[in-house]
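Participant: need a 3D model of the following:
(chains A and B)
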Amino acid sequence: MTRQKLVLIGNGMAGVRCIEEILNLRPDTFDITIFGAEPHPNYNRIMLSKVLQGDTPMSAITINDYAWYEERGITLHTGETVTAIDTVKQVVHTDRRRTTPYDKLIIATGSLPFMLPLPGIDKPGVTAFRNMKDCELMVETAANYQRAAVIGGGLLGLEAARGLLNLGMKDVHVIHNSPYLMNRQLDPQAASMLKQELEQQGMRIWLEKNTERIVGRKRVEALQFTDGSRLAVDLVVIAVGIKPNVRLAAESGIDVHRAIVVNDRMETSAPNVYAVGECAEHRDMVYGLVAPLYEQGKVLAKAICEQETEGYHGSVLYSQLKVSGVDVFSVGDIEDSQLSTMQMSYDGIRRTYRKIGIRDNRIVGAVLFGDSGDSNKLLSYVKQGADISVLQQEASASGSGAGGGTTEYVSGLSDSETICSCNGVSKGTIRATIREQGLETFEQVRECTRAASSCGGCKPLVSALLQCALESSDEDAVQAAPLCGCTTLSREQLKDAIAASLTSSTREAMAALGWKTEDGCGICRPAIRYYIGVLGRVSANGRDQVSTAALTAAAETEAADTLVEEGAYAALANGTYAVQPRLYGGVATADQLRRIADAIERYQVPLAKLNGDGRLELLGLSAEEAAGVSQTIGGPVAAHMYGRPVASVVTCGGIAYERGAVRDSVAVGAALERRLEQLQLPTTVSAAVSASPLHRAGSLVRDVGIVGVPSGWELYVGGSAGIEVKEAKLLLTEPNERAVVDTAAAVLQLYAEEAVYGEPVWEWLDRVGVVAVRERVLDPRSRRTLLLRAQYEAEQPMAIRGECS
Amino acid sequence: MKRKLYPYEHVAADRGGAVVTSLVMETQCPFCSVQCKMRLTESGSAVVGEPQYTVEAKPNRASEGRLCVKGMNAYQHAVSEDRILYPLVKREGGFERISWEDAISLIVSRFKQIEEQSGADAIGVYGGGSLTNETAYLLGKFARVALRSKYIDYNGRFCMSAAASAGSKALGLDRGLTNPLSDIPLAKCIVLAGTNVAECQPTLMPYFTRAKENGSFIIVIDPRETETSRLADLHLKVKPGMDASLANGMLRALLDEGLVDEAFVRERTRGYDALRSHLLEQSLDEIAAMTGVPADLIRKAATTFGRAATGMVFTARGVEQQTDGYMAVRNLLNLVLLTGKIGKPGCGYGAITGQGNGQGGREHGQKADQLPGYRSIENPEHRAYIADVWGVDPNELPGKGVSAYEMMEKVYEGDIRALLVMGSNPVVSNPNASLVQAAMERLDLLVVADMFMSETARSADLILPVTAYLENEGTLTNLEGRVLLREGHRPAPGEAKNDWRILCELAEGLGRGAYFQYERAEHIFEELRVASRGGLADYYGITYDRLRREEGVYWPCPDPAEEGKGRMFEASFAHADGRAELIAVDNHWPAELTDDEYPIYLTTGRVLSHYLTGVQTRRSHTLASRDFESFVELHPKTAKQYGLADGKLAVVTSRRGEIVVRCRITRTIRDDTVFVPMHWGDSQNVNVLTNQALDPTCRMPGFKVCAVRIRPFISNHPYEI
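Facilitator: Here you go, the predicted structure:
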């Protein structure tokens, strides 16, 4: 297919932006030619003020350098003016006698400064403020002269005046014909605050003054005003406005009103000819600000690429004054006569002013002086025509009446909270993505996380999250405290480091990770051993016999490697050990109790008692005594291998004896304990099974709680009755005993793999979110994997453990 | 020596060297009526084994390249291990695998036997609104030509019947939206009556937010605050079932404020005088008391809508699933017509269809009283035309049957002895579900064609495995009335077959195979084109080629060379006289009112992550993990009054049964009303509670309101140790 010829007249912001959009939509469809009358590639005209003010070098305001055009195969003719368009033959002619055919033509000739028809306007030293050339002239003049006058106290005029001050001119005057500055954007209050501020900066401002003529012989010498007064100046900058540059279009027979008339698809009256930017007139409006031009460019790009577009429906106008030290923002209707009411606040000390225009209970405009922090929010309110209730909500959320409500709201949410309900994106995911991928704009976040990409309702929340994340990015950069004195690694980093190190013993790991001590300490050793053990379990998943054997070897080596006192039994504060006989589901037989009693007598166990989570413990034993005790008991005891075991599963009275019982908690408790008994976990995990939602076994404050209900069994996870009291969260309801025991095992396996050593279940659950855990245990594939790994554990011979019956 | 015990490297190397194969499927979401287009890529490799899935939204004119969480995860159920892969027969209470040949011949012989004993009408067919146009069409033909039974209806009865009959009667034609979606942002005032777009059709929301950005005033009518009502400028928290009365209040206010578009009413409608005198009898204060909406808010809504330059009204199940659903929609259409807001850009009415093919499903003969092309089974000319297309004697065509729930009653009473259910789960979706369950058990033969062991399939004598949307090509008609072609590239798992193919094989067995000779879905569509030709829903101008080329075509489209009609009724309505019909609508109380025994209203609806009875979405782990169980939403005052607490189980009881669900306490619902979603079965099946009373015109059950009482499932009295 041959490429279509696309010609752009005008190498300015609106036109080139549109070309960028087209290249994004259809990269290889067009042969593009651009004509620009100015001898530069495309630059950011808005930033000319900044250049003039000395804040920014010229090079920094170039948007697209020559290389940009080259890389995209765009033919660029700078300093060349198109003189005629033949809309019948579809060609353009230029002042260099070039004739270029087009299939599609975009006119983006922008506008020309409006030069007052004053006598003397053409004298040297009189200039507009529109392009780089004007800028250069002003810079040159400022180097040799001291006195300047800017005619026009609007946005551009004030920016020019500020620039001239920055260039070192002593007397800078602003001549304005209205009773107050920026009268199209501000109200008298904001304008008078602005005037005061600018006068403090050294500007001289003359209001309601009209220039009669410009006086001077060779070059400008003074301004003569209609009131008879006169002002001596060396430079005059005319900044009273712009007029659309439409001569070319008009002469080529294209419909022109105030500017080139376009429809919602930016089409002019001539076929295949489009107009965009300041030279275009859409529904009687000509826009001179950048945002509308970009919006038009988007629509035009789609129209040219023949893609579905809703068309352009006009823009909401807003403006921000770019004068250093002055913070002014204005949008929409703010003139009192246009409003039904308004919300105003004025702070004479901080010198801030804020007015929100309201008509028929909708926000229609705003002006901010001194603090434009809320400008984006207000702009979106005006664009949406938001109901005033949003202001009321803000007031109640922040208590102060201004700003910040959404930000505070999102920062109060937990990481597991869903922000985008359409796509199920949590706060944690958004935060992590922003951090990891270094996102900076809302659009990037939407792209990368899909949040706000469907209904868009959560956009304010996502934006607020982004803002919070950007503000707190330095907090994330702070290095977390090291695990212990043996290493610089934090507890989170240690886990990843072990996974990456491929080592199979604690000593090897310590050597590989540059441990400061030879044997580590009581804090790091168990952690390292745990990670090695659990990683072995993960990697052995579904593998062949070789790796199984390898793991056994590892476990044995490990046992030999490590110091004996960290072996099989629960270590106690005074260096002795505890033996914890297993009574599945808390059910004991006379024989079991008799053997335990025998062991207590034979080894003179210092303390035998029931602990907080229902375990029977025999405390205060030496390692040898502990081994003897478990031998005497002859039944299963809680196994401490490389991690911590599940404690006894506590049950209530069960279906036969418990009032309100719905299901048999005792049987499920025993089944659960048998299923979980070999799992090695980052902390000791408590579990309880209740026969009904009365939670008689305390199922709401256990790491794992199972509860009989009419539809089956509820599974609660993440309860705690320890230093932090936590109510467990309902994970799922399973239809039968087998399913709920399986799910509990899968959840604990996931916890074993994902948690940091020592991290309690509730903390892990808060971190990853209950929905994410649910998804992992419901997904048949990951569920199968988790169960396989949990099962594998049970089948492994253990290096040191009590004998099983 | 350094021991390398954990084979990470091997896995990585293997992964790197593995040949990854991908299947790229251009498809569309199987769920709601927006029918968002998407691309699903399934890639797997010999070594890694487990396939990976990626989903990308594809730009198209309805969803504009958006997908919601349901669409993003819609592949999960289709590739799930729960799929039924082989025909199953029930023996001694359990299901056993059986061959297709045996299954078909077993069904055929039982059908024949029952027909001999009790007549052709003893066999019923029950379809669904998610079936393609091709299957829906063929199911109707199968009932009438292969079985010659009058008993066919479908779950679309619960979806669209009120709006469909109201649209037909008022405007002369029922097409979901009278306008293209792109008109919505042009409306300056929008009434969303009983529709929760944000949670049911989330990808449509940007049309409404865009309208709002353009300055539209949005009025939501709903007893609950929903994600949709958060967009509203004005939320009328109406008592359940009182929408028609609320509309009367709005109409009266229009009259009072002189906001009736007299010229439009005069030139384009009939019945105004009767409506006007009826409205003059209405008292806004009485209506305020009946509906629970203050009079000034009713007036504000009416005047805002009346004064707006453009405006649209949308309804969905909240208004329609009522025992006066038909009349309630008529009254909202009165609102549209009295203000002249139809047939212009930014002006119109929309019934937001619930099911993926709720629109197409009703046009082509699954409904008890309809023949393809929206033809009437009682109109001799229509019968003759269709009989001619089918090549049968018009007299051979059975007459009109009964509506979906009435079919269940016929089953219960023993009039229907065998039932073929295709693409539906009536045990969960019908009102008064306990009776429906009992009815299923009473059948001599229940054949269920499904992908999964649905609650209904459990009671089946035979289960026939069908293909999923990824595997079954066909057309669907979205809520706008735009016909879309869904390709089906994925090979069917196990022995699953396309539903239409099963119908052909059964017809063959029944000796009527000559009427069911199709190789591909497109062949059925070709016949459907002809069958619909000249009907109200004329698809004649639509072909697969066009659908592929144009990304969808609006019906009516009588000519292959013409574009379908995006905006209807610009010059005239579809009645013979070209006028729309206004009608006086009486204030109506719900069929069941609260009393001392059942003091609270129950209303039902959807949640974002599930669809219909959840047979598919509950089998998607991502969706199930968002909402894994049902719940009852209630106001803190109600909770306090009945001793309920957030997160605890409650027993909700109606005159028909009881369910146990978890409490969600929120101020966003009226304190005289509780809400339970509709996606769960068994002890959480809200339809065990709902009232089987039907709308007299459209036979829609009044799902959205019944009277219940509520108590804690268990309470912890101190003396109960």
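Participant: from here on, contacts and neighbour counts on C-alpha atoms
Facilitator: Will do.
Participant: tell me who's in contact with the residue lying closest to residue B:364 once chain neighbours are set aside.
Facilitator: Nearest residue to residue B:364 in three dimensions, chain neighbours excluded: residue B:372, at 3.7 Å (CA to CA, 6 or more residues apart in numbering or on different chains). Going by CA atoms under 8 Å, 6 or more residues apart in numbering or on different chains, residue B:372 touches B:137, B:363-365, B:386, B:528, B:531-532, B:535.
Participant: repeat that for residue B:56.
Facilitator: Applying CA under 8 Å, 6+ apart, we find residue B:56 in contact with B:38-40, B:72.
Participant: of those, list those near chain A.
Facilitator: residue B:72 (CA under 8 Å from any CA of the partner chain).
Participant: break the chain into its domains for me.
Facilitator: You didn't pick a chain, so chain A it is. Domains of chain A are assigned by automatic domain parsing as A:4-111+A:244-304, A:115-240, A:327-403, A:409-477, A:491-566, A:570-795.
Participant: that was the other one, I meant chain B.
Facilitator: If you go by automatic domain parsing, chain B breaks into B:8-78, B:88-155+B:357-468+B:499-521, B:177-351, B:600-712.
Participant: so can I have a markdown table of the ones you listed showing mean pLDDT?
Facilitator: Below are the domains of chain B laid out as a markdown table (pLDDT from 0 to 100):
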| stretch | mean pLDDT |
| --- | --- |
| domain B:8-78 | 76 |
| domain B:88-155+B:357-468+B:499-521 | 96 |
| domain B:177-351 | 95 |
| domain B:600-712 | 95 |
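Participant: relative to residue B:161, which of the ones you listed is closest?
Facilitator: domain B:600-712 (5.7 Å; CA to CA).
Participant: tell me if the closest one is near chain A.
Facilitator: Yes: Domain B:600-712 is in contact with chain A by CA under 8 Å from any CA, via B:608, B:620-622, B:624-626, B:628-629, B:648-649, B:660, B:683-684.
Participant: what's the most distant pair in the residues you listed?
Facilitator: B:620 and B:648 (25.6 Å).
Participant: more neighbours, those two?
Facilitator: Neighbour tally, residue B:620 and residue B:648, criterion other CA atoms under 10 Å in any protein chain shown: the higher count belongs to residue B:620, 26 against 17.
Participant: now do the contacts for that one.
Facilitator: A:779, B:73-74, B:76-77, B:80.
Participant: how distant is the helix or strand containing residue A:600 from the center of its chain?
Facilitator: Following DSSP states H and E, one finds residue A:600 within helix A:590-602. On the basis of CA atoms, centre = their mean, to the nearest Å, helix A:590-602 sits 61 Å off its chain's mean C-alpha point.
Participant: same thing with stretch A:175-187?
Facilitator: That offset, for stretch A:175-187, works out to 39 Å (CA atoms, centre = their mean).
Participant: may I have stretch B:190-198 exported as CSV, CA atoms only?
Facilitator: This file holds the C-alpha atoms of stretch B:190-198, laid out as CSV (Å, rounded to 0.1, in the frame of the first residue of the first chain):
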residue,chain,number,x,y,z
ILE,B,190,-30.3,11.4,32.4
VAL,B,191,-32.7,9.3,34.5
LEU,B,192,-31.3,5.9,35.6
ALA,B,193,-34.2,4.0,36.9
GLY,B,194,-33.5,0.8,38.7
THR,B,195,-30.3,0.3,36.9
ASN,B,196,-26.9,-0.2,38.5
VAL,B,197,-24.7,0.4,35.5
ALA,B,198,-21.5,0.8,37.5
